[in-house]
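**Student:** return a 3D structure for these sequence lines:
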Amino acid sequence: KLCKVEDETCLVAQAQTFLKASKVGFPELKVASLEPLDLGTVHVESGAQSESIRFKLLLTQTKLYDLTNKGVVKSLKGFVKDPTFSKPLKLVLVIDAPQLELRSKYDVNGKLLVLPIVSKGDMSLKLSEVQVKSRITAVPEKRSDGHTYLSITDYKMLAKIKNGHFNMSNLFNDNVELRESTLKVLNENWRTLAVDIQPKVTDATAVVFRSVLQNLFNSVPYDSFFKN
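**Tutor:** Numbering: from 1, shown residues only. Okay, the predicted model is just below:
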């Protein structure tokens, strides 16, 4: 259903419906499935926050799971009534999730305490109490069909993550004692690691979100978004 532009409760409910339905995607709108969210390759260089933990981490085939299942849209603001608006729109979208999971292939080279780490394998990172805030700048674009569409000119995403829990296969060639002690140190130092890891994952997520929203905006004219 269409919402009135000032009815945020309705807008949030519609955004939630879109998020849930994005599990399978909208081929007619050129919106691919968001379950999982394909983040591609992520490069992380850690070490600025701690002398005892330094490494270069390459994540490939990186995917974020459960956003469409567990994500809850908390806020959506910034739309205006006039479809011929002249100033850029400043949209704010907030999504909370109790838990998300990042899975990837990893390749790490670095140092943990006194131990060198050079390993590659499978990694999962369980993220708990996640909040994602997107700040989206969009301008009107009049097209040949006579309608106005939104064109995103800037997309900034900030994330808050209370905790992260790593699991990595093949650490120290799966020497169980070394592997478990290493994972324990990593998980106890999530806040230190998050300073380097979190922004890179957030940036990769923002690229996907921007693409998805722009495809949606390209398919639906702004002047048909809302009830008159």
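
**Student:** same question for the strand ranked longest in the chain, mean pLDDT?
**Tutor:** Ranked by number of residues, the top strand in the chain under DSSP state E is strand 115-142. Across strand 115-142, pLDDT averages out at 94.

**Student:** name the helices or strands packed onto the following helix or strand past that strand?
**Tutor:** Sequence order places strand 148-168 as the next helix or strand after strand 115-142, per DSSP states H and E. In terms of contacts (3 or more C-beta pairs under 8 Å, 6 or more residues apart in numbering; DSSP states H and E), strand 148-168 is packed against strand 115-142, helix 176-188, helix 190-219. In short, each C-beta sits where N, CA and C put it, glycine included.

**Student:** let's see it at 10 Å
**Tutor:** strand 89-112, strand 115-142, helix 176-188, helix 190-219 (3 or more C-beta pairs under 10 Å, 6 or more residues apart in numbering; DSSP states H and E).

**Student:** strands paired with that strand, and their directions?
**Tutor:** strand 115-142 (antiparallel) (DSSP bridges).

**Student:** mind listing what's buried in the partner strand?
**Tutor:** By 16 or more other C-beta atoms under 10 Å, the buried positions in strand 115-142 come out as 117, 119-120, 123, 125-127, 130, 132-134, 136, 138, 140.

**Student:** relative orientation of that strand and helix 176-188 in degrees?
**Tutor:** With axes from the mean of the first three to the mean of the last three C-alpha atoms, to 10 degrees defining the directions, strand 115-142 sits at 40 degrees from helix 176-188.

**Student:** quick one, the least confident helix or strand in the chain by mean pLDDT and strand 89-112 angle?
**Tutor:** Between all helices and strands in the chain, the lowest mean by mean pLDDT, DSSP states H and E belongs to helix 176-188, at a mean of 89. Relative orientation of helix 176-188 and strand 89-112, computed by the same axes, to 10 degrees: 150 degrees.

**Student:** quick check: which ranges of the protein have low pLDDT?
**Tutor:** Along the chain, segments meeting pLDDT under 70 span 47-50, 228.

**Student:** could you dump the buried residues of strand 115-142 into CSV with distance to T9 added?
**Tutor:** Converted to CSV, those look like this (distance: C-beta to C-beta, whole Å):
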residue, distance to T9
I117, 49
S119, 49
K120, 48
M123, 39
L125, 34
K126, 32
L127, 28
V130, 23
V132, 20
K133, 19
S134, 19
I136, 20
A138, 22
P140, 25
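
**Student:** give me the distance from the longest strand of the chain to the chain's centre.
**Tutor:** Distance, stretch centre to chain centre, for strand 115-142: 5 Å (C-alpha atoms, centre = their mean, to the nearest Å).

**Student:** check stretch 142-160 too.
**Tutor:** Centroid displacement of stretch 142-160 relative to its chain, using C-alpha atoms, centre = their mean, is 18 Å.

**Student:** in that stretch, what counts as buried?
**Tutor:** 148-150, 152, 155, 157, 159.

**Student:** just stretch 63-75 next, same as before
**Tutor:** Applying 16+ other C-beta under 10 Å to stretch 63-75 flags 64-68, 71, 73 as buried.
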